[in-house]
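> let me see the structure of the following:
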Amino acid sequence: MFNPPSGEVSTPRIAVAGATGRVGAALIANLVNDPVDIVALTRNPDTQRLPAGVALAIVDFDTPATLTSALRGVERLFLVHGTSPRQVANEIALIDAAVAAGVVHIVKLSVMGPPSRLHPFDWHMQIEAHLATHNVGYTLLRPSSFVDVLARAGAPVADGSWGGVAGNGRVNFIDTRDVADAARAALLDDEHIHSQRTYHLTGPGTVSMPEVAEELSRLLGETVSYQHRTHDEHRSVLIASGVSEMVADLLLGLDGIFRESVLAETTCTFSELTGQEPRSVAGWLSDNIAIFQKTPK
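All right, here's what the predicted structure looks like:
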């Protein structure tokens, strides 16, 4: 919780990278009620998605001066980047610019899991290693897989073709709103502003894809099944759906992690950090059930 010392007026300036993304937008919506100044960093500005009073800074990773300018006067930085081949170079560039600008604390959104050659897990490992070379306070947020990935199953569930290679493996999904809540707590933590810390964040419990299908069946009032496929079968389905080969391989890799229950860990970190209980997969499915419903003819 942000509590300036008695008699001292302090208004930290917080920069939020990826401000129009899912976590970044949720984080800004939380921070607007706190005694901080907020600057939203974005490559693709959409000012309609930003609350009133939030400053906007356009950054171009091919023009380093825009990073320096955007971070001028910033004390704390939330760092997130969409999954792409440029993720490592861009996040490292922003870290270096932040340190050069005098940013005191960086909260980086990373990922939970063991060392891996799988993208984007290996990309986050490289970025974390670079951040560790700097003498700056930082917090690494390592969440389990976002529950939002289930939104990709919307159309396949609706037309009865949902499946993959996750088998009966278990995963502890986390809601992106909970990740944003954890990020807010880390950014407003004055006690550990010069510390270097890591938080592993999960939801309240694990699920398998067949169990998700059961919950969808209950919510929709009709039978939903998860079709078990081989790697090659599912890759063909993904490519046929229109995704790129890179995205297909990312999704196959994620399914493989689910199958092996790599992300089945449950932690109490989110509750200890925020004082709240994490949102459940069942709750997310209920909130987003329209995604899975058939379109009326």
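
> CA only for contacts and neighbour counts going forward, please
OK.

> for L118, give me phi and psi.
phi -80, psi 130 (degrees, to the nearest 10).

> residues in contact with V281?
Neighbour list for V281: V147, F173, I174, D175, G203 [criterion: C-alpha atoms under 8 Å, 6 or more residues apart in numbering].

> which ones among those residues lie within helices?
Residues of the contacts of V281 located in helices (DSSP state H): none.

> and those, which are buried?
For the contacts of V281, a burial check counting by 16 or more other C-alpha atoms under 10 Å picks out V147, F173, I174, D175, G203.

> let me know the pLDDT of the third one.
This points to I174. Looking at I174, its pLDDT is 97.

> which strands and helices sit next to whichever strand or helix holds V237?
V237 belongs to helix 231-240 when assigned by DSSP states H and E. Counting contacts by 3 or more C-alpha pairs under 8 Å, 6 or more residues apart in numbering; DSSP states H and E, helix 231-240 packs against helix 245-259.

> need the contact partners of the helix it packs on.
Identification of contacts with helix 245-259 by C-alpha under 8 Å, 6+ apart yields 118-120, 164-171, 231, 234-235, 238-239, 263.

> and it, how far out from the chain's middle?
17 Å (C-alpha atoms, centre = their mean, to the nearest Å).

> return the set of buried residues in that helix.
Here helix 245-259 shows 247-259 as buried, counting by 16+ other C-alpha under 10 Å.

> do the same with stretch 23-31
In stretch 23-31, counting by 16+ other C-alpha under 10 Å, buried: V23, G24, A25, A26, L27, I28, L31.

> could you tell me the end-to-end distance of stretch 261-280?
End-to-end span of stretch 261-280 (C-alpha to C-alpha, to the nearest Å): 18 Å.

> going forward, count from 43.
In the new numbering, first residue 43, that becomes stretch 303-322.

> please state the offset of that stretch from the chain centre?
14 Å.

> any idea of the mean pLDDT in it?
96.

> measure stretch 324-333 end to end?
Stretch 324-333 end-to-end distance (C-alpha to C-alpha) = 14 Å.

> ok, stretch 204-212 next?
Terminal residues of stretch 204-212 are spaced 17 Å apart (C-alpha to C-alpha).

> ok, and what's touching it?
Stretch 204-212 has contacts (C-alpha under 8 Å, 6+ apart) with 195, 198, 248-252, 267-273, 276, 294, 297-306.

> just the buried members of the residues you listed?
Buried among those by 16+ other C-alpha under 10 Å: 195, 198, 248-252, 267-270, 273, 276, 294, 297-301, 303-306.

> neighbouring contacts of the helix or strand harbouring E314?
When elements are assigned from DSSP H and E, E314 belongs to helix 311-316. With C-alpha under 8 Å, 6+ apart as the test, helix 311-316 has contacts from D220, D223, A224, A227, Y241, H242, L243, T244, Q318, E319, P320.

> how about stretch 271-283?
G205, G206, V207, E287, A290, D291, L294.

> distance between the host helix or strand of A228 and the chain's centre?
Taking DSSP H and E as the criterion, A228 maps to helix 218-229. Centroid separation for helix 218-229 versus its chain: 10 Å, with C-alpha atoms, centre = their mean.

> before we move on, what about stretch 191-202?
The answer for stretch 191-202 is 20 Å, by C-alpha atoms, centre = their mean.

> D190 versus N330, what's the distance?
Counting by C-alpha to C-alpha, the gap from N330 to D190 is 10 Å.

> oh, that last question was meant for H161, not what I typed.
H161 is 18 Å from D190, by C-alpha to C-alpha.

> swap in H166?
H166 is 19 Å from D190, by C-alpha to C-alpha.

> so which of these two has more stuff around it?
Using other C-alpha atoms under 10 Å as the criterion, H166 and D190 rank with H166 on top: 22 against 17.

> how about the contacts of stretch 271-283, which pair is most distant?
G205 and E287 (18.0 Å; C-alpha to C-alpha).

> next up, the contacts around I331.
Counted by C-alpha under 8 Å, 6+ apart, I331 has contacts L258, L261, L262.

> any stretches of this protein with poor pLDDT?
43-52, 87-91, 338-339 (pLDDT under 70).

> okay, strands next: where are they in the stretch 143-292 of the chain?
In the stretch 143-292 of the chain, the strands defined using DSSP state E, counting those that start in this stretch lie at 147-151, 179-185, 205-206, 212-213, 238-243, 249-250, 269-270.
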